[in-house]
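Any chance you can model this:
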Amino acid sequence: MPKNVRTLVITTALAAMTFAAPRLARAQAASEDQNQQNQQNQNDPQLQQQEQDPQPGSADYCPPGTDMEQGAKAPQTAVPPRETYPQQPGAMQMPAQQPTMNQPQMIEKEQAPERGYLLGGYGLGLSVGGGLQDFANPSSRTNTDRGGAWDARVTVFQHFPVGFEGAYIGSAQDIGGAAYGKSVLISNGAEALVRLNFGPKDLQFFAVGGGGWQRYQITNKPSDAPISAISNPHDNVWSIPVGGGLSAHLWKTPFTVEARFMYRPTAKDSRTNGGTLVLTNPGGATGTLDSWTITGRLGYVF
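All right, here's what the predicted structure looks like:
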């Protein structure tokens, strides 16, 4: 090889080595730094765990605070297929209703019907009672003792402001004086009343008024009693009963208790022109049959 050519080759090689030496040195230093960083990462367990955990946005990512196991995919709810029906010509197509998952069903509880209130909630009641009776006229009280009274009633619309009553009524009183011996004055009758109710149905004040009929009869009349002592052994009288009282339900049940006062003035009958006369005093005074009663009652409202 000529000397000039050899000199040129050597000069060119030296220049290339001089230019490439710094680049090789930097590449070697960078490679050593990378190896050192990798070795540090291998010795750090926290960094290893981060590398193993799925990152946000990946299919395997599980948000913090969930109960899923790490690395497991979230289960997907299967939606049942829609039910399709043949479409009729000219009919409007309605979108199928999608089923809802875990939707609570609201069940309305049926209320039990309230007991003791028939006829639209106003009350149909039956009751019986007993108490005391006496005459209001002094002449009649002189010839009789205070006696007992009883009745049985049917009430309609008992819990309405205006109601109605129908009743059987009766009484029994001893007749005093030697002329009568052991005679007893018995009465039986019926009355129809209009009833006005005040207050709630569990505790009601009421007032009544109407018309009635009673038949009085003397029983056990001694055979030797003077005719003048008994003007009429029996008599039919009309009365205009009025009264009032208090009615209450027992512990909010259909059973009721009641206290009542009644006054019954009598009207003229067809046998006497001066009034309804049954009893005649030994002195000749006569007494009407106006009476009052105080009764206690027990009933049931259907």
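
ok, the residue lying closest to Q158 once chain neighbours are set aside - how many residues close by?
In space, and not counting its chain neighbours, Q158 is closest to G123: 3.3 Å by C-beta to C-beta, 6 or more residues apart in numbering. (Glycine included, C-beta is placed from N, CA and C.) Neighbour count of G123, defined by other C-beta atoms under 10 Å: 23.

ditto for D202
Residue neighbour count, defined by other C-beta under 10 Å, stands at 13 for D202.

measure the closest residue in space to it that isn't next to it in sequence to G199 for me?
Taking C-beta to C-beta, 6+ apart, and ignoring the residues beside it in sequence, D202 has H249 as its nearest neighbour in space, at 4.9 Å. Distance, H249 to G199, using C-beta to C-beta, to the nearest Å: 12 Å.

who's more crowded, the two?
Remark: of H249 and G199, H249 carries more neighbours, 19 against 12, as counted by other C-beta under 10 Å.

quick one, helices of this structure?
For the chain, applying DSSP state H gives helices covering 3-43, 45-52, 138-143.

Let's see the pLDDT reported for the residue nearest to Q158.
According to the prediction, G123 has pLDDT 81.

show me what contacts it?
G116, Y117, T155, V156, F157, Q158, H159, F160, G163, K201, V301, F302 (C-beta atoms under 8 Å, 6 or more residues apart in numbering).

now A190
Contact partners of A190, counting by C-beta under 8 Å, 6+ apart, are G166, A167, Y168, I169, G212, W213.

Next: G189.
Y168, I169, G170, G212, W213, Q214, R215, S239.

Now with 7 Å, please.
Residues near G189 by C-beta atoms under 7 Å, 6 or more residues apart in numbering: I169, G212, W213, Q214, R215.

The closest residue to it other than its chain neighbours bridge partners, please.
Once flanking residues are discounted, G189 sits nearest to Q214: 3.4 Å by C-beta to C-beta, 6+ apart. Beta bridges link Q214 to G189, V237, judged by DSSP bridges.

My guess is Q214 contacts V237. True?
Yes: here Q214 reaches V237: they are 5.4 Å apart, a contact under C-beta atoms under 7 Å.

Tell me the spacing between the closest residue to L193 other than its chain neighbours and D202.
Leaving aside its sequence neighbours, L193 sits nearest to G210 (C-beta to C-beta, 6+ apart; 3.7 Å). For G210, the distance to D202 (C-beta to C-beta) stands at 25 Å.

Same question for I169.
For I169, the distance to D202 (C-beta to C-beta) stands at 27 Å.

likewise A267?
Between A267 and D202 the computed distance is 37 Å (C-beta to C-beta).

L14 too?
124 Å.

returning to that earlier point: dump the residue contacts of the residue nearest to L193.
G210 makes contact with E191, A192, L193, V194, P241 under the criterion C-beta under 7 Å, 6+ apart.

Check Q214 too.
Residues in contact with Q214 (C-beta under 7 Å, 6+ apart) are S187, G189, V237, S239.
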